[in-house]
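[1] Take a look and give me a structure for this.
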Amino acid sequence: MRKDSENIPLTVSEYPIVKIPAGQLRGMVESDTGACAFLGIRYAHAGRFEKPRPVSPWQGIKYAQVYGPITMAPEQTNVSGDEFMWPHRYYIQSEDCHYLNIWTGPGNCGNANAKKPVMVFIHGGQFVNGSAIEAMAYEGGNLAIYGDVVVVTVNHRLNVLGYLDLSVFGDEYRDTAYLGQQDLIASLEWVKDNISQFGGDPDNVLIFGHSGGCRKVQALMHMPAAADLFHKAIGLSSIYNPISKVHARRVGEITVERLKAACPGFTLADLRDPGKVDYRTLLAAGTAALADTAKEFNLGRFTWNVVIDNINLHDDYADFAKPLPFMMGTVFGEMSNNNLPLIARNIFKNDWTEAETGRYLATRYGEDTPAIKAEFARLFPEMKIQDALFYDIDRRRAILNFLAEKARVGSAPVYNYLFTFEAPANGGVIPFHAAELIYIFYNVGLRELSRATGGTRDCYDMQDVMASSWVNFARTGNPNQTGQDNWKPFNPDTKTGTMIFNRQSRFAELDDEKLRKLIGDTNIDYSKIG
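    Coordinates of the predicted model:
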């Protein structure tokens, strides 16, 4: 049966054209969000191991209606275990990946006087994989309309192409360890030069990044070259842990040694030629070099990362970053302690009896169980006592230290949050690493994400609260909103002061140091449940 004719559009959507200094771009109006979307905009050119350079002007109109290629990354051969809860989008990979996407209000196209806050998102995936479009949650149209802001997402080089230190091989390779970060700087320079034509204010730019993107946000605040390109920053769920120049250079040396063994007749010049050393061969050599370096220096887990040289990346915050407002937080279950592995085994924590809950808590916490139960109930009275099994303290502990450092060296307030909202899908899902982004981007209503969250009224209310906090911070540097507990700045002396996002969001001192000490450093052992 045909749909109700009232739901069928009578006219085609608009295709706005925006003129920027380099030329004209044709976007589109999204029928589902009402936002103007300009997708797959090239912000730079760069050959392999080359610094990004500006885009040359063009004649005529370029179409900006399709996402550009994403960066090269390790091959994925299996469907992710969290695919239902965190739907992915897989796309064409290319070493030519310097593209960004923009969403803005329909009245902003070509309106340089609109002066809307700009929210630039840096995706997660450590420094190994991911892209601006990998997660369906990253769609920016709903946030642009809801918040009356301009949303930007950006691709950049990763892993061996963006963070391999080849500086030991001469001046032409001096900055190869920073190419991924230089790509991000180039994208922010493009935003500064062009975003006013999309209604954005180049003098009011927020950068926010999740996981690996969080570390890249923090790295940018330690890079003098990023001065004046952003004015506020938010980091979500990561630990900033740059590596030393000594270790990074050793990775580069071993990578070349391995390429010489794998590629007959290899010369250093071949590194720049994908036709002579293809990406998969280069990645394999670099990945093996990471493992070799970790073993040689007894480093434990060791992967691609930013490198401190106190030239490109300083050990201390760059002067420009010290006065910038900063917000940082985590989710309740993060990567190691959410309940997704139990759901996969048809074990639903909210169905446990009091006896089962007590047994599982005692199995994990032993004689500390009574103290943990009491402290958890005091700190989180709105949550179930079995949720104490899933509290991830590692990232929270580190992030409190980062916030304290930023507050001490800077003049602007810093803010902390903890996302504890349990999505009602599949019997109740403890917030996992990245779960809050669905709500921040105001995307509960997208089909795949409505299924992933459960799509209840609580989910829609949660996105109102989360998105408003992010938009308000982008606009003013203060995340407070009407109808919410006063969100006070973080206290660097006591390391307390947290906005707890849940069905009834609340601000609390949340001094959880005692609970964190009781829990210790062990993650949940799922094999001992069920």
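[2] how about the helices in the chain?
    141-147, 159-163, 179-194, 212-220, 245-262, 279-297, 340-343, 354-365, 369-379, 394-409, 437-440, 447-453, 457-476, 513-519 (DSSP state H).
[3] Just the residues contacting the fifth one, thanks.
    Helix 245-262 is touched from outside by 160, 164-169, 173, 176-177, 266, 268, 270-271, 277, 281-282, 284-286, 288-290, 292-293, 296-297, 299, 302, 307-309, with contacts defined as C-beta atoms under 8 Å, 6 or more residues apart in numbering. Heads up, the C-betas are built off the backbone N, CA and C, glycines and all.
[4] What's the mean pLDDT across that helix?
    What helix 245-262 shows for mean pLDDT is 96.
[5] What about Gly60, how many residues nearby?
    The number of residues packed around Gly60, counting by other C-beta atoms under 10 Å, is 6.
[6] Report the contact partners of it.
    Neighbours of Gly60 in contact, by C-beta under 8 Å, 6+ apart: 23-24.
[7] how near is it to Asp96?
    Counting by C-beta to C-beta, to the nearest Å, the gap from Gly60 to Asp96 is 21 Å.
[8] Repeat that for Ala474.
    If you go by C-beta to C-beta, the gap between Ala474 and Asp96 works out to 30 Å.
[9] which of the two has more neighbours?
    Just comparing Ala474 and Asp96: by other C-beta under 10 Å the higher neighbour count belongs to Ala474, 28 against 14.
[10] Quick check, pLDDT for the more buried one.
    98.
[11] Cross-check the contact I'm expecting between it and Val149.
    Yes: at 6.1 Å, Ala474 counts as touching Val149 under the criterion of C-beta atoms under 8 Å.
[12] Name the residues contacting each of these two.
    Residues touching both Ala474 and Val149 (C-beta under 8 Å, 6+ apart): 117-119.
[13] and which of these is nearest Asn142?
    Checking the shared contacts of Ala474 and Val149 against Asn142 by C-beta to C-beta gives Met119 as the nearest, at 12.5 Å.
[14] My guess is that closest one contacts Val151. True?
    Yes: using C-beta under 8 Å, Met119 makes contact with Val151 at a distance of 5.2 Å.
[15] list the residues that contact both of the two?
    Residues within reach of Met119 and of Val151 at once, by C-beta under 8 Å, 6+ apart, are Leu143.
[16] so what's the residue nearest the centre of the chain bridging to?
    In the chain, the residue lying closest to the centroid (C-alpha atoms, centre = their mean) is His210, at 2.0 Å. Here His210 sits in beta bridges with Leu236, as judged by DSSP bridges.
[17] which residues does it contact?
    His210 makes contact with 121-124, 236-238, 434, 437 under the criterion C-beta under 8 Å, 6+ apart.
[18] and if you look at Phe419?
    Phe419 sits next to 329-332, 431, 435-436, 466, 501 when contact means C-beta under 8 Å, 6+ apart.
[19] Please apply the same query to Tyr439.
    Contacts of Tyr439 (C-beta under 8 Å, 6+ apart): 421, 459, 462-463, 465-467.
[20] do that again at 7 Å, thanks
    Residues near Tyr439 by C-beta atoms under 7 Å, 6 or more residues apart in numbering: 462-463, 466-467.
[21] just those now: which is nearest Gly40?
    Distance to Gly40, by C-beta to C-beta, is smallest for Ala467 among the contacts of Tyr439, at 24.8 Å.
[22] List the contacts of that closest one.
    Listed by C-beta under 7 Å, 6+ apart, the contact partners of Ala467 are 143, 146-147, 439-440, 442.
[23] Which residue is the nearest non-sequential neighbour of Asp309?
    Lys245 (5.2 Å; C-beta to C-beta, 6 or more residues apart in numbering).
[24] my guess is Ile529 meets Ala362, correct?
    No: with contact defined as C-beta atoms under 7 Å, Ile529 does not reach Ala362; the gap is 11.9 Å.
[25] the more surrounded of the two?
    Ile529 (19 against 13).
[26] gap between the residue nearest to the more buried one when sequence neighbours are not counted and Asn426?
    Counting by C-beta to C-beta, 6+ apart, Ile529 lies nearest to Tyr360, which is 5.4 Å off, once chain neighbours are set aside. Distance, Tyr360 to Asn426, using C-beta to C-beta: 19 Å.
[27] Which one of the two is surrounded by more residues?
    The neighbour count for Tyr360 versus Asn426, taken as other C-beta under 10 Å, is higher for Tyr360 (20 against 16).
[28] where does the more buried one land on pLDDT?
    For Tyr360, the pLDDT comes out at 96.
[29] Can you give me the distance of it to Glu139?
    In this view, Tyr360 and Glu139 are 38 Å apart by C-beta to C-beta.
[30] and Pro117, what does it touch?
    Contacts of Pro117 (C-beta under 7 Å, 6+ apart): 149, 201, 204, 206, 474-475.
[31] thought Pro16 was touching Gly27?
    Yes: shown here, Pro16 and Gly27 form a contact pair, counting by C-beta under 7 Å, at 5.4 Å.
[32] Name the residue in the two with the higher neighbour count.
    Neighbours per residue (other C-beta under 10 Å) separate Pro16 from Gly27, with Gly27 holding more: 25 against 20.
[33] Mind listing the residues bridging to the closest residue to that one other than its chain neighbours?
    Closest residue in space to Gly27, ignoring its immediate chain neighbours: Phe38 at 3.8 Å, by C-beta to C-beta, 6+ apart. Beta bridges link Phe38 to Ile102 when assigned by DSSP bridges.
[34] Number of residues surrounding Phe38?
    27.
[35] so it touches Val29, yeah?
    No: judged on C-beta under 7 Å, Phe38 makes no contact with Val29 at a distance of 10.8 Å.
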